[in-house]
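# Sequence and computational prediction follow.
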Amino acid sequence: MSAARPVLYGIPVCDTVKKARAWLDRQGIAYDFHDYKKAGIDAARLRGWAAELGWERLLNRSGTTFRKLPEADKADLDADKAIALMLASPSMIRRPVLDLGDRRLAGFSEEEWRAALEGRNG
C-alpha cells in the first residue's frame, strides 16, 4: 500500500508555490493542492502545524499582508496571536506548506523536499 498523496498548501499566484508545483511535477510526484484563498485553513490544522514546526516558522513576516498590519497587531506576538492572525488572513502563512502525512515542510527548499520525498513517488 502506498502512502497518501502529499498535500501542497498555498496560493496559486505565489511565485514560491509556482516553483514548488513545477518541481513536484518534474519529479513525477502526484499531490493534491489546497488553495488558501478558496478553501481557507482550519484552526486545528494550523495549531498542529505550529506545534510541529513552530509558529515563528509558519508566520510569513516578510509578506505585504503582515507588513501592512497596524503596529499593535505585530507587537507582543506569541503562538495564540500569530495563529489568530494566520486564521484571519491565510496569506500570512509561509508558503508553501507540504503535508506528507507523517510530517510537514514549510517553505520550498529543493534539497529538503528531495530528502523528504525520496522513495515516495510511484
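Yes, it's here. Residues are numbered from 1 along each chain as shown.
# going forward, measure contacts between C-alpha atoms and count neighbours the same way
Noted.
# from the middle of its chain, how far away would stretch 55-68 be?
12 Å (Cα atoms, centre = their mean, to the nearest Å).
# Please apply the same query to stretch 22-38.
Worked out by Cα atoms, centre = their mean, stretch 22-38 lies 12 Å from the chain centre.
# Stretch 49-64 too?
9 Å.
# okay, how far is it across stretch 88-108, tip to tip?
Length of stretch 88-108, first residue to last, Cα to Cα, to the nearest Å: 23 Å.
# all helices of this structure, in order?
15-27, 36-39, 43-53, 55-58, 64-67, 71-74, 79-88, 110-117 (DSSP state H).
# May I see these organised as JSON lines, with mean neighbour count added?
Shown next, in JSON lines, are those (neighbours: other Cα atoms under 10 Å):
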{"stretch": "helix 15-27", "mean neighbour count": "15"}
{"stretch": "helix 36-39", "mean neighbour count": "12"}
{"stretch": "helix 43-53", "mean neighbour count": "14"}
{"stretch": "helix 55-58", "mean neighbour count": "19"}
{"stretch": "helix 64-67", "mean neighbour count": "14"}
{"stretch": "helix 71-74", "mean neighbour count": "12"}
{"stretch": "helix 79-88", "mean neighbour count": "17"}
{"stretch": "helix 110-117", "mean neighbour count": "12"}
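# Same list (those helices) but as JSON lines, adding distance to R103.
Listed next are the helices of the chain as JSON lines, based on distance: least, Cα to Cα, whole Å:
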{"stretch": "helix 15-27", "distance to R103": "17"}
{"stretch": "helix 36-39", "distance to R103": "19"}
{"stretch": "helix 43-53", "distance to R103": "8"}
{"stretch": "helix 55-58", "distance to R103": "14"}
{"stretch": "helix 64-67", "distance to R103": "26"}
{"stretch": "helix 71-74", "distance to R103": "28"}
{"stretch": "helix 79-88", "distance to R103": "19"}
{"stretch": "helix 110-117", "distance to R103": "9"}
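# Make TSV out of the ones you listed and add mean pLDDT.
Shown next, in TSV, are the helices of the chain (pLDDT from 0 to 100):
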stretch	mean pLDDT
helix 15-27	97
helix 36-39	92
helix 43-53	96
helix 55-58	96
helix 64-67	93
helix 71-74	93
helix 79-88	95
helix 110-117	94
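# Many thanks, have a good one.
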